[in-house]
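[1] Would you be able to build a 3D model of this:
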Amino acid sequence: MRYLGALAPLALGATAYPFIEARRPRLRRYQLEKAPDLPALIPLRNPDNTDLPSDWQLRILHLSDLHLWSGSEWLCEYVASLSEFDEIDFVALTGDNFSDASGLAMLKRALKPLFKFPGAFVFGSNDYYSGRAKIPWHYFFPDKKPKLRTVPDLPTEEFRSFLTDGGWIDLNNQVATLNTTSPARQGRSAIALSLALSGVNDPHIGRDETVKVPPTWGQSQLRLALTHAPYARVLDQYATWGADLVLAGHTHGGQVCLPGFGALVNNTDLPLSYSGGLHLWKAGTVDNPAPRVHKGKIYPLPDLGKIAKDEQIGATRELEQTWVHISRGLGTSKFTPVRLACPPEASLITVSGYSN
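    Got it, this is the predicted structure:
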């Protein structure tokens, strides 16, 4: 009996740990450089060294999967506190912001301080439909998942207006060009930058349309794309278009992972190795990408050959690859507020380059 008594605290700690980990967010840092003699970004090995011999620099705060509701006060405070970083130049918000409608008030409190930075956003399914209790095993058997809902029950349009009134760009199946400034930082002079932006609405529920890019795509210093769910059909299009960087979320990094192995499921058509973090994506990585399915209609996969012939691409299509950052997200469903070997995260991605 005394052995059972000794094991009881261990069992209690093991049970409590996933709930504790879910409330310990971290800020991950990544660094990419756009070298003058290479058509694609390259990752730098020392993410703590931001003193690079380049002309311009842009630091992107990537937020995803907040899943806020009235009971997530701690996360609301954490997101708002990120506005205190003076090293942020741009904010990218990649969807699934709600758990239920009570999250709107929390989102306004969390994100309003970040409006002092330029930003852009796309939506996920949990910006249209509130979360609901699910049996986690559904994720391992996609054919057994409950049917997708068709009647939104969240204040989507009020939230969209809140974001656009705050100055952020709506990239749900839209494109834009943002003229901004690379700040004078670490010996650099301030330089005017052109960001070519493209985004799609949530591919997980079939709201994505064929990728479009702005007319400035080939001339801008940085070609940045946003999607909520990183499905292969979307990443293949951006790789063929020659995007520099795609930002996505949705996977929660697996949320409950095996130490030393990683994610058990990622709720997309990507290999499990693409469940979180920074990856180089090449068009054709997935042999049979999942098609778009929306309101019962199955759409044909985009014609990558047609995209490749577009004159806007020019030399950028030579590699047909792009970097994709898949955020592990900050929140969880309010019904499963746990994480294991996959702490919540915000990400700060530094991109450096040359003006010529």
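[2] Output the below-cut-off pLDDT ranges for the stretch 1-150 of the chain.
    Filtered on pLDDT under 70, the stretch 1-150 of the chain yields the residue ranges 1-14, 36-40, 44-53, 135-148.
[3] so what secondary structure elements neighbour the helix or strand residue 75 falls within?
    Assigned by DSSP states H and E, residue 75 belongs to helix 73-81. Under the contact criterion of 3 or more CB pairs under 8 Å, 6 or more residues apart in numbering; DSSP states H and E, helix 73-81 touches helix 103-111. In short, each C-beta sits where N, CA and C put it, glycine included.
[4] Just list what the helix it packs on packs against, helices and strands only.
    Secondary elements touching helix 103-111 (3+ CB pairs under 8 Å, 6+ apart): helix 73-81, helix 156-165.
[5] same thing but 6 Å
    Here helix 103-111 touches helix 73-81, going by 3 or more CB pairs under 6 Å, 6 or more residues apart in numbering; DSSP states H and E.
[6] And the helices in the protein?
    Along the chain, the segments classed as helices by DSSP state H run 2-21, 73-81, 103-111, 156-165, 232-241, 304-308.
[7] quick one, which of these is nearest to residue 193?
    Nearest to residue 193, of all those, is helix 232-241, at 19.5 Å by CB to CB.
[8] Residues contacting the closest one, please?
    Identification of contacts with helix 232-241 by CB atoms under 6 Å, 6 or more residues apart in numbering yields 200, 203, 211, 213, 225, 227, 246, 269, 281, 283, 286, 289, 301-302, 304, 307-308, 320-322, 324.
[9] now stretch 27-34
    Outside of stretch 27-34, the residues within contact range by CB under 6 Å, 6+ apart are 41-44, 47, 278, 345-353.
[10] Kindly recompute the last result at 7 Å.
    With CB atoms under 7 Å, 6 or more residues apart in numbering as the test, stretch 27-34 has contacts from 41-44, 47, 52, 54, 244-245, 278, 323, 325, 345-354.
[11] And these, which of them are buried?
    Listed as buried from the contacts of stretch 27-34 are 41, 44, 52, 54, 244-245, 278, 323, 325, 345-353; burial here means 16 or more other CB atoms under 10 Å.
[12] and those residues, which of them are in strands?
    Residues of the buried ones among the contacts of stretch 27-34 located in strands (DSSP state E): 245, 278, 323, 325, 345-353.
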